[in-house]
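In: Structural data only, the sequence is not supplied:
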């Protein structure tokens, strides 16, 4: 039995390390993709996980699949296709550390996943099924994602959703909004950023968490706010949890993915929503002190030590 299966993008993040005298960046390659980062956090804590998706049968695709295997993530749901390239993301940083993304994805392998290629036995064997919106930007992956979510819901799986909005990948803001709203309507647990709540509803994080819970009926809603922690809302409670203090931010890529994976792990251990949110905020905080996304995730003991001030 699997704890969590996720469907979506597995890609290479090229992160800017420095720029030369002409402004061209020197970049380092790291494994990325929000669903993969999410699973990496769960696997780091000992959960049984699997990923469904597509990479190119190329150097980067093979590196990524090997990274999943070394992380303990089941890869038989992954396809290495010879006719498309593995998707590449390029992450640069502004003066205040804000990220900017550009992509080599026209098309990328992740957009070409078809429902007929999915190993549905992985969905049947899992307790929870996770997805985001990057697999909803283009066909055939959009249809594959929608049908996979329906397949999981029909079998009573816990559905978790993280929009992970990347505006450059959408044909229009309206297209992004439509698919994000569809995803919110499918999920039992959702995690959005404060920017995504503003984009969708023009609300504050606190207002957004309550509104989404009431409108879409999710069991639990999180709105993350970077250094300001997160707001959460469920049927019986709401509240705010702080991020860790005195964090030396190096790279925020993947912090939200670490958050939601860490929360789901803590919740699976029987922790209540508040304790789970505290652990998730701490895990996300510690991750941003390191370069990369899933390679920045620290162990459970390291996170707990930082929570306890050690």
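Out: Now that the structure is in, tell me what you want to look at. Note that this is a predicted model, so its numbers are computed, not measured. Numbers count the residues shown, from 1 in each chain.

In: Could you look up the SS state of the spatially closest residue to residue 60 that is not a sequence neighbour?
Out: Spatially, and ignoring its direct neighbours in sequence, residue 60 is nearest to residue 86 (4.3 Å; Cβ to Cβ, 6 or more residues apart in numbering). C-beta: built from backbone N, CA, C; applies to glycine. Secondary structure for residue 86, judged by DSSP: H, G, I helix; E, B strand; the rest coil, is coil.

In: Against residue 172, how distant is residue 86?
Out: Plainly put, residue 86 is 26 Å away from residue 172 if you go by Cβ to Cβ, to the nearest Å.

In: Would you mind telling me which of these two has the busier surroundings?
Out: Comparing residue 86 with residue 172 by other Cβ atoms under 10 Å, the one with more neighbours is residue 86, at 27 against 9.

In: And the strands in the stretch 1-150 of the chain, which stretches?
Out: 2-7, 11-19, 25-32, 49-56, 73-74, 78-81, 88-93, 99-104, 126-131 (DSSP state E, counting those that start in this stretch).

In: Any buried residues in stretch 101-110, and which?
Out: Across stretch 101-110, burial judged by 16 or more other Cβ atoms under 10 Å covers 105, 108-110.

In: if we look at it, which residues are touching it?
Out: 8-11, 33, 53-56, 61, 81, 84-92, 111, 134-135, 138, 141, 166, 168-169 (Cβ atoms under 8 Å, 6 or more residues apart in numbering).

In: From these, keep the buried residues only.
Out: Among the contacts of stretch 101-110, the ones that count as buried by 16+ other Cβ under 10 Å are 8-11, 33, 53-56, 61, 81, 84-91, 111, 134-135, 138, 141, 166, 169.

In: returning to that earlier point: any idea which of the strands of the stretch 1-150 of the chain is most buried?
Out: Comparing those by mean neighbour count (mean count of other Cβ atoms under 10 Å), strand 49-56 comes out on top with a mean of 27.

In: Now distance to residue 201 and mean pLDDT too, for the strands of the stretch 1-150 of the chain, in CSV please.
Out: Output for the strands of the stretch 1-150 of the chain, formatted as CSV (distance: least, Cβ to Cβ, whole Å; pLDDT from 0 to 100):
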stretch, distance to residue 201, mean pLDDT
strand 2-7, 26, 97
strand 11-19, 29, 85
strand 25-32, 28, 88
strand 49-56, 29, 98
strand 73-74, 34, 98
strand 78-81, 35, 98
strand 88-93, 27, 84
strand 99-104, 23, 84
strand 126-131, 21, 98
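
In: Among these, which comes closest to residue 192?
Out: strand 126-131 (13.9 Å; Cβ to Cβ).

In: and the closest one, how far out from the chain's middle?
Out: Remark: strand 126-131 is offset 13 Å from the chain centroid, using Cα atoms, centre = their mean, to the nearest Å.

In: what's the angle between it and strand 49-56?
Out: 40 degrees (axes from the mean of the first three to the mean of the last three Cα atoms, to 10 degrees).

In: Which other helices and strands does strand 126-131 contact?
Out: Applying 3 or more Cβ pairs under 8 Å, 6 or more residues apart in numbering; DSSP states H and E, one finds that strand 126-131 contacts strand 2-7, helix 34-44, helix 141-154, strand 158-161, helix 255-268.

In: elements contacting the second one?
Out: Read that as helix 34-44. Checked by 3+ Cβ pairs under 8 Å, 6+ apart, helix 34-44 has strand 2-7, strand 49-56, helix 59-71, strand 73-74, strand 126-131, helix 255-268 packed alongside it.

In: now the last one
Out: Under the contact definition 3+ Cβ pairs under 8 Å, 6+ apart, helix 255-268 sits against helix 34-44, strand 126-131, strand 189-193, strand 220-224, helix 273-287.

In: Nice, that's everything, thank you.
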